[in-house]
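1. Model the structure of this input:
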Amino acid sequence: MKGILLFLFCLYFSFHFRGVSQTYVTITDTAFASYLRSVIPTAMSGNQMDTSSLAVKQLKYINAITLNIVNLSGVQYFPSLKNLACSYNQLTNLPVLPDSLTMLNCAGNQLIDLPAIPGMLQTLWCGGNQLTSLPALPNSLGDLKCAYNQLSSLPALPTSLTMLHCEYNHLTSLPTLPNSLRLLYCRHNQLTSLP
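-> Next comes the predicted model:
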């Protein structure tokens, strides 16, 4: 009789919770996992994150500054993320970024390159890294701070750009400056003329 009841109990729960699906991913960086446990505790189990959780799906801001994070793998699972602040960590690369991102502050790390920039990004602060080039910049970008890198050139600047901080690089020229530009810092480069 106990076997039949146990079978019916399991059968009930398998049908009752069939629509509820959990997909777990491992957050390999312990500092990042610890941060996520503090902001989305219901989605985390140790270093496992339930990507189907409402907390993951609705998270808009990650403010993980100066936490000794080495790896941000897992950030790509936040489909509503607008603001990612991960400056002054130990990052050498970034994973694929969510398409929803409008602000990225990854300054003061050890990045040697950046992934493709999301098409809705409005603010990119990537100064104080070891970048030698930047990916294509989206038309939505208004604020670019890429000072204190090793850039020898910049990609085409979007027509929406209003602020450009590119000082302390190895730039020998600048691309065409958009009419929308209001602020330009380009000192301590190897420029001989401005466009």
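2. And residue 38, which helix or strand is it part of?
-> If you go by DSSP states H and E, residue 38 is part of helix 30-39.
3. was I right about residue 85 contacting residue 69?
-> No - using Cβ atoms under 8 Å, residue 85 and residue 69 do not qualify as a contacting pair, with a distance of 11.3 Å. Where C-beta positions appear, they are placed from N, C-alpha and C, glycine not excepted.
4. Near residue 42, how many residues? Count them for me, please.
-> The criterion is other Cβ atoms under 10 Å. On that basis, residue 42 has 11 neighbouring residues.
5. coming back round to it: now the helix holding residue 38, how far from the chain's geometric center?
-> Its chain's average C-alpha position is 15 Å from that of helix 30-39, according to Cα atoms, centre = their mean, to the nearest Å.
6. what ranges do the helices span in the chain?
-> Residue ranges of the helices in the chain, as given by DSSP state H, are 2-16, 30-39, 54-58.
7. If you average pLDDT over each of the ones you listed, which is lowest?
-> Ranked on mean pLDDT, the bottom entry among the helices of the chain is helix 2-16, at a mean of 48.
8. So which bits of the helix holding residue 38 are buried?
-> Counting neighbours by 16 or more other Cβ atoms under 10 Å, one finds that the buried residues in helix 30-39 are 31, 32, 33, 35, 36, 37.
9. The last one contacts residue 49, correct?
-> No - using Cβ under 8 Å, residue 37 and residue 49 do not qualify as a contacting pair, with a distance of 9.2 Å.
10. thought residue 22 was touching residue 52?
-> Yes - contact between residue 22 and residue 52 holds when scored by Cβ under 8 Å: they sit 5.4 Å apart.
11. Flag the shaky bits of the protein, pLDDT-wise.
-> The model of the chain has pLDDT under 70 over residues 1-21.
12. how about a cut-off of 80?
-> When residues are selected by pLDDT under 80, those of the chain lie in 1-22.
13. hmm, back to that, farthest-apart pair in the buried residues of helix 30-39, please.
-> When Cβ to Cβ is used, the two most widely separated members of the buried residues of helix 30-39 are 31 and 37, lying 10.8 Å apart.
14. Without its sequence neighbours, what residue ends up closest to residue 71?
-> Distances taken as Cβ to Cβ, 6 or more residues apart in numbering place residue 29 nearest to residue 71, at 4.1 Å, with adjacent residues excluded.
15. For that neighbour, grab the count of nearby residues.
-> Tallying neighbours of residue 29 according to other Cβ under 10 Å, which is how burial is gauged here, yields 22.
16. Please name the residues that touch it.
-> Under the criterion of Cβ atoms under 8 Å, 6 or more residues apart in numbering, the neighbours of residue 29 are 69, 70, 71, 72, 73.
17. Many thanks, we can stop here.
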